[in-house]
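Peer 1: what would the 3D arrangement of this be:
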Amino acid sequence: MSSLPTILPIADATLAARLQHRLDQQTKPRGALGRLEALALQIGLIQRSDAPALHAPQLVVFAADHGLAAHGVSAYPSDVTWQMVENFLAGGAAVSVLARQHGLALTVVDAGVAHEFAPREGLLNRKVAAGTASALDGPAMTASQCAQAMAAGRDVASALPGNVLLLGEMGIGNTSSAALLLARLAGLDIAACAGRGTGLDDAGLARKLGVLRQVLARHASATQALDVLAAFGGFEIAMMAGAVLQAASERRVVVVDGFICGAAVLVAAKLVPAVLDYCVFAHRSDEAGHALMLSHLNATPLLDLGLRLGEGSGAALAWPLIDSAVRLLAQMASFESAGVSDRADA
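Peer 2: All right, here's what the predicted structure looks like:
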């Protein structure tokens, strides 16, 4: 990218003290709402407000295909990517159901699916190419394609209403890209980072690890964040990284789904570390490397449900908790206003 957006850290000791005082004076034992209090304080700092409010939350699913899928790294064929995009748009996927349930606007972005979709409401065509190249043969993306994808992600985020971006993704083979990004950017062994993805058996997992080790060796010289991203892909991860950077620069709350969305945040954080201040990590997935990724990012997820679906499903499930945290901060009475006695030793 020719330039990166300016993202300011959210730290503000004066505002944090006011927010903490407000939380402490509410009609509850101090700290009794646990993680919700820390979440409310974070969002107050993001919005630079004593009374933060969330409006028009946007759940965006970025979809793309991966050349590496041709090497047997997934239990499903690449056609499932475009078929699931159709399922999202028809309202039949898990994330579609959850978005309807929780009042989340759902947009699907074609970042690089190997299929041509008919135009329709809810679908944005930002296709860079019909899937990435195989990272076994060369970089998954050219530097130009990587920059194009990140710029498109920034444009998508900038054009959305509201002050909350919830991330989702779809792409057969993208757990391999995420594992490769984690291994290289966090300095971890690929065996600890790569898991069964959509459901590989033992032989499939062994095959996947063999392919990923070859890919890492093929791109041993790629060590800087953008070079690593271009080497391993994919278009949806690059586009999400751009969207995260843009959303944070606009002081939006960014709700991060699972392993693949986390990989996009990992790249964004290597470029602009302050982006992590704006991220709420929805859940810890059942994918092998996700706990390691969260640890590397010093992130504590809200949920741990054994999910490994992707799509933004975990982000959608976490949304009511995020909404509740902000409403509790804004709407709970204080001891004084409610005429309730505070602690005797206060």
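Peer 1: thinking residue 228 is in contact with residue 220, fair?
Peer 2: No. Here residue 228 does not reach residue 220: they are 11.1 Å apart, not a contact under C-beta atoms under 8 Å. All C-beta atoms are positioned from the backbone trio N, CA, C, and that covers glycine.
Peer 1: neighbour-wise, which of these two wins?
Peer 2: Counted by other C-beta atoms under 10 Å, residue 228 and residue 220 do not tie: residue 228 has more neighbours, with 20 against 9.
Peer 1: first to last residue in stretch 224-240, what's the distance?
Peer 2: One end of stretch 224-240 sits 18 Å from the other (C-alpha to C-alpha, to the nearest Å).
Peer 1: now do the buried residues in that stretch.
Peer 2: Within stretch 224-240, the residues that count as buried by 16 or more other C-beta atoms under 10 Å are 225-240.
Peer 1: between these, which is closest to residue 137?
Peer 2: residue 231 (11.4 Å; C-beta to C-beta).
Peer 1: the closest one: which element?
Peer 2: Following DSSP states H and E, the helix or strand that holds residue 231 is helix 225-232.
Peer 1: past that helix, which element shows up next along the chain?
Peer 2: helix 235-249.
Peer 1: who touches the helix or strand just after that following helix?
Peer 2: Sequence order places strand 253-256 as the next helix or strand after helix 235-249, per DSSP H and E. Under the criterion C-beta atoms under 8 Å, 6 or more residues apart in numbering, residues 43, 46, 54, 163-167, 244, 247-248, 262, 265, 275, 278-282, 299, 315, 318-319, 322 lie in contact with strand 253-256.
Peer 1: could you do stretch 108-115 as well?
Peer 2: Applying C-beta under 8 Å, 6+ apart, the external contacts of stretch 108-115 come out as 60-65, 78-79, 81-82, 85, 88-89, 117, 122-132, 149, 152-153, 156, 234-236, 238-239.
Peer 1: cutoff 7 Å now
Peer 2: With C-beta atoms under 7 Å, 6 or more residues apart in numbering as the test, stretch 108-115 has contacts from 60-65, 78, 81-82, 85, 88-89, 117, 122-132, 149, 156, 234-236, 239.
Peer 1: strands - which of the residues you listed land there?
Peer 2: Taking DSSP state E as the definition of strands, those contribute 60, 61, 62, 63, 64, 123, 124, 125.
Peer 1: please list all residues in contact with the fourth one.
Peer 2: Contacts for residue 63 were tallied using C-beta under 7 Å, 6+ apart; they are 81, 85, 108, 109, 110, 111, 113, 169, 170, 171, 236.
Peer 1: quick one: the third one is in a helix?
Peer 2: No. When DSSP: H, G, I helix; E, B strand; the rest coil is applied, residue 108 is found to be strand, with no helix at that position.
Peer 1: ok, it - how many residues close by?
Peer 2: Neighbour number of residue 108 under other C-beta under 10 Å is 28.
Peer 1: that one and residue 169, how far apart?
Peer 2: Separation of residue 108 from residue 169 (C-beta to C-beta, to the nearest Å): 10 Å.
Peer 1: likewise for the second one?
Peer 2: When distance is defined by C-beta to C-beta, residue 85 is 11 Å away from residue 169.
Peer 1: so between these two, which is more surrounded?
Peer 2: Neighbour count, other C-beta under 10 Å: between residue 85 and residue 169, residue 169 has more, with 28 against 23.
Peer 1: give me the sheet partners of the helix or strand harbouring that one and which way each runs.
Peer 2: Taking DSSP H and E as the criterion, residue 169 maps to strand 164-170. When pairs are called by DSSP bridges, strand 164-170 turns out to pair with strand 58-64 (parallel), strand 253-256 (parallel).
Peer 1: what packs against the helix or strand just after it?
Peer 2: Downstream of strand 164-170, the first helix or strand assigned by DSSP H and E is helix 174-186. Counting contacts by 3 or more C-beta pairs under 7 Å, 6 or more residues apart in numbering; DSSP states H and E, helix 174-186 packs against helix 190-193, helix 202-218, helix 225-232, helix 235-249, helix 259-271, helix 290-296.
Peer 1: which one, of these, ends up nearest to residue 310?
Peer 2: helix 259-271 (6.1 Å).
Peer 1: now stretch 58-65 - C-alpha only, CSV.
Peer 2: C-alpha atoms of stretch 58-65 as CSV (Å, rounded to 0.1, in the frame of the first residue of the first chain):
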residue,chain,number,x,y,z
GLN,A,58,-22.4,-4.0,9.7
LEU,A,59,-21.5,-7.7,9.3
VAL,A,60,-19.4,-8.1,6.2
VAL,A,61,-18.4,-11.6,4.8
PHE,A,62,-15.4,-11.4,2.5
ALA,A,63,-15.2,-14.4,0.1
ALA,A,64,-12.4,-15.6,-2.1
ASP,A,65,-10.8,-18.8,-3.5
